[in-house]
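Engineer: just a sequence and a predicted model for now, questions to come.
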Amino acid sequence: MMVKNTKVIFWVLIFITIILFKLKERMFYMKLITSISLATLTLLFSVNTIIADDSEKESTDDLENVEISITNNETGEVTHMDSKDEGVEVESTGNANSDGDIGTLSNSSKTKGYDVFIPIPNEDENSDSEQITTQSTSGRTETSGGVTAKLNVDYDVSIDNEQVRLNRVFGSWDSENYLDIIGREVTAHSGSLTGNKINRTPLYNRFSYTTGWDYNDRLVGDLAPRAWSTANVSVQGGGSFTVEVEFTYADDL
């Protein structure tokens, strides 16, 4: 009887040992899985943070690509502006692939452009107009006195990235309150030395010009393809200014 009890106790102990081992093994794997999960989440968070920082930097760099200036036509004083200046608003409206056919010579057509709000000072002391910043229904901050200049280009780059073709330049101007646009000019080229050039003086505040050009050698840096627009703005009650928006395109080899 003693032997039987001893055997039973022995097997019970074996059984308990196995169970404890399994529990310990399961806890080990649970800890391992938990550690791996935490490490994975930390890695994903780090990667997302890096991507977000890079995207923000690319967005900032893109906005800094546009050159903005306002000239006082009476004094000749030129003020250069950028997206960081108070009252100035810059929004990128292109710089992405648009729908187009992929042929043997070209990638799909691309567009690049900017929507720029330039505040215009009101020099009439008797005017009731004031430059007050308000929030629009679209969520954008707008200034009560200024000009919105929109400038865009549509272009192609060859498959080997060696050539570029400007297809169209288009845009508009919109003035607010006490401002009148009395003169307009738009210019674009597909390279300072090797490209073609278009220059027009629109009669109205909206324009679109198709070039019909062929490809030419692609240049970068100061010689890169470029587009710019100017508008003469008359302030009701006195004062006149020229606003200019300028940027390069197809310059990212």
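Structural biologist: The structure has been received and is ready for your questions. Numbers count the residues shown, from 1 in each chain.
Engineer: could you export stretch 192-206 as PDB, CA atoms only?
Structural biologist: What follows is stretch 192-206, C-alpha atoms only, in PDB (Å, rounded to 0.1, in the frame of the first residue of the first chain):
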ATOM      1  CA  SER A 192      17.500  80.400 -69.800                       C
ATOM      2  CA  LEU A 193      19.900  79.300 -72.600                       C
ATOM      3  CA  THR A 194      18.400  76.300 -74.300                       C
ATOM      4  CA  GLY A 195      14.700  76.900 -73.900                       C
ATOM      5  CA  ASN A 196      11.900  78.800 -75.400                       C
ATOM      6  CA  LYS A 197      10.200  81.900 -73.900                       C
ATOM      7  CA  ILE A 198       6.700  83.200 -73.700                       C
ATOM      8  CA  ASN A 199       5.700  86.700 -72.700                       C
ATOM      9  CA  ARG A 200       2.100  88.000 -72.600                       C
ATOM     10  CA  THR A 201       0.200  91.000 -71.200                       C
ATOM     11  CA  PRO A 202      -3.300  89.700 -70.300                       C
ATOM     12  CA  LEU A 203      -6.200  92.100 -70.700                       C
ATOM     13  CA  TYR A 204      -8.100  90.400 -67.900                       C
ATOM     14  CA  ASN A 205      -7.300  89.000 -64.400                       C
ATOM     15  CA  ARG A 206      -7.500  85.400 -65.600                       C
END
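Engineer: which parts of that stretch are buried?
Structural biologist: By 16 or more other Cβ atoms under 10 Å, the buried positions in stretch 192-206 come out as 195-196, 198, 202, 205. C-beta: built from backbone N, CA, C; applies to glycine.
Engineer: domains for this protein, by residue range?
Structural biologist: As assigned by automatic domain parsing, the chain contains the domains 1-63, 67-248.
Engineer: on that earlier part again, where is pLDDT lowest across the buried residues of stretch 192-206?
Structural biologist: Among the buried residues of stretch 192-206, Gly195 has the lowest pLDDT, at 91.
Engineer: A strand includes that residue, no?
Structural biologist: No: read with DSSP: H, G, I helix; E, B strand; the rest coil, Gly195 is coil and lies in no strand.
Engineer: now do the contacts for it.
Structural biologist: Taking Cβ atoms under 8 Å, 6 or more residues apart in numbering, we find Gly195 in contact with 164, 166, 189, 216-217, 219, 225.
Engineer: nearest to Glu77, of the residues you listed?
Structural biologist: Comparing those against Glu77 with Cβ to Cβ places His189 closest, at 27.9 Å.
Engineer: do you know how far the closest residue in space to the closest one that isn't next to it in sequence is from Thr211?
Structural biologist: Of all residues not flanking His189 in the chain, Lys197 sits nearest, at 4.0 Å (Cβ to Cβ, 6 or more residues apart in numbering). To Thr211, Lys197 is 10 Å away according to Cβ to Cβ, to the nearest Å.
Engineer: same deal with Leu166?
Structural biologist: 5 Å.
Engineer: more neighbours, these two?
Structural biologist: Set Leu166 next to Thr211 and count neighbours by other Cβ atoms under 10 Å: Leu166 wins out with 29 against 19.
Engineer: need the phi and psi values for the nearest residue to that one once chain neighbours are set aside.
Structural biologist: Nearest in space to Leu166, with sequence neighbours left out and distances taken as Cβ to Cβ, 6+ apart, is Ser190 at 4.3 Å. When quoted as degrees, to the nearest 10, the phi and psi of Ser190 stand at phi -110, psi 30.
Engineer: pLDDT score for Ser190?
Structural biologist: Looking at Ser190, its pLDDT reads 96.
Engineer: could you count how many residues lie near it?
Structural biologist: Neighbours of Ser190 under the rule other Cβ under 10 Å: 30.
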